[in-house]
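Q: requesting a structural model of the entry that follows:
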Amino acid sequence: MFEVPYYNETIKKVVIAFGALFSGMKVIRRNNAGDVIEVVQVPIAYSPKEKTLRRVDEDPNLTDPVFSTMPRMGFEITGYNYNASEMTNKNNIIKCVSPDGMSYTYTPVPYDINLQLSVLSKGTEDSLAIIEQILPLFSPEYNIAVVVSEKLNLTFNFPLILNSVTTSDDYEGDLKNRRIVVNTFDFTMKVKLLGRVHTSTSGIIYNVDTNLYTNIPTPQNPYVGAGEKYSATGDPVTFHITDNGWSDIE
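A: Okay, the predicted model is just below:
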């Protein structure tokens, strides 16, 4: 079953697309008069929430240049679930014809990928600013286009669904302790995973010509009379056949 290795990189592309969706996040900061004094870029990385919090705990004064920027975001995959309700006939074939031959695969398998986005900020103001930019995008889903196979020239729209948002304020101890507000967004992306893409290098039949004669040749009479020719043109992708009709054999 696993003799021929393959890797379509679909999950990798999903991770990249998810991170890119939030990579342009910015926070506007104002003074008491309401004037804009700063626009802060919010960095994002593939990192579990616990790991990010641990690094902040190890650097309470935020002197490390890598982790000194707050707010910041981290995300990770938390699970995979088979989605039986969206599974169709597994014997359906997806084909793509090119000058080099034909590539094909079978029905993709639907899976729900659970992703978690964590937003860490120093105070409530930045936290609310980020929440208000994320929530309007999801009602409750947002479609992300992902190229699942270059060989098949195939792109799927994967719905990204926002399931829940939770907030925790890790402000404990005396007034000298720092404060971190953590917002956790739980998402589900409905993904379709392709199996191995097969490639056929044999010639593709586009035209068929059939000669029909009025007499059957025999050893005694090897010569046959004039007949007719039937011609048809087919499309190997759509399976549409164009009937070119009958004509005399030249």
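
Q: Glu125 falls within a strand, correct?
A: No - Glu125 is assigned helix when assessed by DSSP: H, G, I helix; E, B strand; the rest coil, not a strand.

Q: what's the burial count for it?
A: By other CB atoms under 10 Å, 14 other residues sit near Glu125. Glycine gets a C-beta too; all of them are placed from N, C-alpha and C.

Q: and the nearest residue to it once chain neighbours are set aside, bridged to which residues?
A: Leaving aside its sequence neighbours, Glu125 sits nearest to Arg29 (CB to CB, 6 or more residues apart in numbering; 7.8 Å). Taking DSSP bridges as the rule, Arg29 bridges to Glu38.

Q: which residues are contacting the longest strand that the chain contains?
A: Ranked by residue count, the top strand of the chain under DSSP state E comes out as strand 154-169. Applying CB atoms under 8 Å, 6 or more residues apart in numbering, the external contacts of strand 154-169 come out as 14, 17-18, 21, 94, 96, 108, 124, 127, 131, 134-135, 138, 140-148, 179-192, 194.

Q: now the buried members of these.
A: Among the contacts of strand 154-169, those classed as buried by 16 or more other CB atoms under 10 Å are 14, 17-18, 21, 94, 96, 108, 127, 134, 138, 141-142, 144, 146, 148, 180-183, 185, 187-192, 194.

Q: show me where the protein has strands.
A: 26-30, 36-41, 44-46, 72-82, 93-98, 101-106, 109-121, 141-149, 154-169, 181-193, 198-200, 207-212, 228-234, 241-248.

Q: circling back to that earlier point, got the buried residues for the longest strand of the chain?
A: Leu154, Phe156, Phe158, Leu160, Leu162.
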